[in-house]
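A.B. asks: quick check, what structure comes out for this input:
(one chain, ligands or ions: 1)
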Amino acid sequence: MNIPADIEVARDSEFLSGLGAEARKLIQPHLNLVSLEAGAVVARPYSKIEKAYFPVSTTFVVDIELKNDASFTTGLIGSDGLLGAGMALDDRVSLYSVSALSIGYAYSIAVQTLKELLLTVPEFRKRALAYEQYFLAQVQQTAACSALHELSGRLSSWLLRLQELAGDELSLTQSDISRMLGVRRTSITECALELQRDGAIDYRRGEISILSKRKLVKASCGCHAEVGDHFSRLFEESFEDD
Ligand SMILES: [Zn+2]
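C.D. replies: So this is what the prediction gives:
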């Protein structure tokens, strides 16, 4: 598969680069850098995964599939995280469908190898379990946000989270966003037009440019910041003393 030259392979997984040199040295030989196309499925609901992943230059979208072909995005896994630690440790099936948001790279590792490394490298295990806890916090925040906040605020929060993980230029159609947020496309169109009129985003067919983070923050419900705070509490604060 051809990956556009502007997608840097030199970038690293932020999750892995946060590990100490000793831990990284033990993990590195087991990693394979793989390229993934937009939409590539890396986990299916109620199936075991054979490979776990550390996103490098792509972001994973984690969807819960509902009856009648509906689905809803419960969380995102970016370069700051990994997919599969909990499943590897407990030999569990995935409850979610997980796919790549954009074309890009990720490190893959065999689940059995991941399990052995988690059991034998305490620093890695601690960081991986912190990420699992963070992911659960994301899911809970998404549930609360969907139940309690207006769509315009939710959309802005969602775009801010995507911007943080994937940058200012997002290849997303309105159908993608309506599927992620579990609402009708026409409702997304109205909210996106309002953000565009306000100068927060520019929306062209299938491409969203974030023009003003400040304006998006102002329009958001605040859940983006809450998710960021969960991350800080679990990573920056609890790993400071190490
Ligand atoms: Zn919210």
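
A.B. asks: all strands for the protein, in order.
C.D. replies: Counting by DSSP state E, the chain has strands at residues 32-36, 41-43, 51-55, 60-65, 71-77, 97-100, 104-110, 169-170, 201-204, 207-210.

A.B. asks: so for the first one, mean pLDDT?
C.D. replies: If I follow you right, that is strand 32-36. Taken as a whole, strand 32-36 has a mean pLDDT of 96.

A.B. asks: now swap in the second one and tell me
C.D. replies: Here strand 41-43 scores 97 as its mean pLDDT.

A.B. asks: what residues does this protein have near the ion?
C.D. replies: Applying Cβ under 5 Å from the ion, we find that the chain lies next to the ion at 145, 149, 221, 223. All C-beta spots, glycine's among them, are computed from the backbone N, C-alpha and C.

A.B. asks: burial of the closest residue to the second one other than its chain neighbours, as a residue count?
C.D. replies: The spatially closest residue to H149, leaving aside those adjacent along the chain, is C221, at 3.9 Å (Cβ to Cβ, 6 or more residues apart in numbering). Per other Cβ atoms under 10 Å, the neighbour tally for C221 reads 20.

A.B. asks: and E236, by the same measure?
C.D. replies: Count around E236 with other Cβ under 10 Å applied: 9.

A.B. asks: off-centre distance for stretch 111-121?
C.D. replies: Going by Cα atoms, centre = their mean, to the nearest Å, the spacing between the C-alpha centre of stretch 111-121 and its chain's C-alpha centre is 22 Å.

A.B. asks: do stretch 132-148 as well
C.D. replies: Offset of stretch 132-148 from its chain centre (Cα atoms, centre = their mean): 13 Å.
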